[in-house]
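Enquirer: attaching a predicted model along with its sequence, questions to come.
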Amino acid sequence: MNTHVRWMIRRDMPEVLEIERTSFEFAWTEYDFINRLKERNVIGIVAESQMAPGKRDRVVGFMIYELQRNHLHLLKFAVHPDYRRRGVGHQLVTKLTRKLASRRSHVLTEVRETNLDAQRFFRSKGFRAISVLRDFYDDAEEDAYLMQFRARQTEAVG
């Protein structure tokens, strides 16, 4: 499968919302996405699958992250169920971790305690659980794991 990663644009929203709804029980709404993406330090990225000639490319994954003073905070990350385990998530995480530099040396994200697939995926990409966030979610009484990816000094680009 041939995919490329690019900035999220407004016309991607219907496909992003479809992925969001099929991926999460407590999905963000279009309002939630637009509100966060209006913020100066929040960035949206999509993975787009290149379809057959003459057909429109399809958004198959996305991530939303926030630039913090010393780290990147991954707010949302999802791949369409039909495209999982095909390298799409790997491409998105690689894009994110390559943005790390001496100024921003790590990525943080929260993962639901019950989301074992996400925990395994992020661990396979070098993330480690560094703490438990008790009753983290407003929509359910559920803990989250705070997971961190830290760039090795040799990987960080100054």
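Expert: Great, that's in hand.

Enquirer: element containing residue 16?
Expert: helix 13-23 (DSSP states H and E).

Enquirer: quick check: residue 117 is in a helix.
Expert: Yes - membership of residue 117 in a helix is supported by DSSP: H, G, I helix; E, B strand; the rest coil.

Enquirer: quick revisit: other residues contacting the helix or strand that the helix holding residue 16 is followed by?
Expert: As assigned by DSSP H and E, the chain's next helix or strand after helix 13-23 is helix 30-37. Contact with helix 30-37 is made by 8, 13, 16-17, 20, 42, 44, 64, 75, as judged by C-beta atoms under 8 Å, 6 or more residues apart in numbering. Where C-beta positions appear, they are placed from N, C-alpha and C, glycine not excepted.

Enquirer: hmm, residue 67 is touching residue 41, no?
Expert: Yes - with contact defined as C-beta atoms under 8 Å, residue 67 reaches residue 41; the gap is 4.3 Å.

Enquirer: do you know how far the residue nearest the centre of the chain is from residue 28?
Expert: Nearest to the mean C-alpha position of the chain, counting by C-alpha atoms, centre = their mean, stands residue 77 at 2.6 Å. Residue 77 is 12 Å from residue 28, where distance means C-beta to C-beta, to the nearest Å.
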